[in-house]
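Asker: predicted coordinates and the sequence they were generated for:
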Amino acid sequence: MNYIKAINAFYDQQEFNPLSASAITLWHGLMHVNNKSRWKKEFSAAMTVLCVKTGLSEAGVRKARKELVEKGCLTFQSRKGNQAPIYQIVPLYEETGSESDKQEDKASGNWNGSTNGKESGNRGTLIKQNETKENETKRNNDVDVRAHDFYETNIGPLTPFIAKQVTKWAGDLSDELVVEALKRAILNNRPFFSYAEAILKDWQTNDVRSLDEARSGQVERLEKGTSVFDKLRRQADG
């Protein structure tokens, strides 16, 4: 599951096949549980967990779940006793073969059409390239979800609107800068996304592209006796 592709495809679908607010909230809750399970194709989620993550009642979760199933976003299977149901989030984006798969096909062709000495070198090089790309893909997927996880762990449940804004800022700047802005909002006793977003806008205006630049900019402002936080506090209090 590619988290960013899944988010974008989900909201693209809302334009022609809209869901209720409860169904959208449940989808995000299930995505978070699936992320915690390391994106297993099938995963379990207890009703109590979903109620906590979504703020819905049990009846609300069941109604939202039924809607997600009917709209083709989800499948689930009930189990006997006190066992939690098994869920599977249906990818709404086209899953194509990875670049590493294509390279493996190419490697197979080279292997069959070359001499033993040449084929060994080519295949060894391609295997290393495949391993590198797989590692990069894994790291990128980990980064994709970091800001969303940080928000839910330290601030609260993600609403559909905030989830979309977090994804947007992670794309415009970087995931690590979004996390840094959220940290600063919390440390300044303003655990609101609007406060973190004001920090992100300030960084964007000043062309800040890395954590080092963000931190050095903060030091410069402090040395001048002012900071973006002073301005943000005045706006929040005023």
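Answerer: Arrived safely.

Asker: please count neighbours and contacts with C-alpha atoms only from this point.
Answerer: Noted.

Asker: kindly report the domain assignment for the protein.
Answerer: The record's domain parsing of the chain by automatic domain parsing lists 3-89, 99-140, 155-237.

Asker: quick one: closest of these to Ala147.
Answerer: domain 155-237 (5.3 Å; CA to CA).

Asker: avg pLDDT for that closest one?
Answerer: Domain 155-237 comes out with an average pLDDT of 79.

Asker: between the domains of the chain, which gets nearest to Asp149?
Answerer: The minimum distance between Asp149 and the domains of the chain falls on domain 3-89, with 7.6 Å, by CA to CA.

Asker: ends of that closest one, how far apart?
Answerer: Between the start and the finish of domain 3-89 there is a gap of 12 Å, counting by CA to CA, to the nearest Å.

Asker: list the residues that contact Ala147.
Answerer: Under the criterion of CA atoms under 8 Å, 6 or more residues apart in numbering, the contact partners of Ala147 comprise Val166, Ala170, Asp175, Glu176, Val178, Val179.

Asker: looking at the residues you listed, which is nearest Gly29?
Answerer: Using CA to CA, the shortest approach to Gly29 within the contacts of Ala147 belongs to Val166, at 15.6 Å.

Asker: the closest one touches Val178, doesn't it?
Answerer: Yes: with contact taken as CA atoms under 8 Å, Val166 and Val178 are classed as touching, separated by 7.3 Å.

Asker: which one of those two is surrounded by more residues?
Answerer: Legend: neighbour count by other CA atoms under 10 Å for Val166 and Val178, higher for Val178 (27 against 22).

Asker: quick one: secondary structure of the more buried one?
Answerer: The three-state label given to Val178 by DSSP: H, G, I helix; E, B strand; the rest coil is helix.

Asker: how about Trp39?
Answerer: Using three-state DSSP, the structure places Trp39 in coil.
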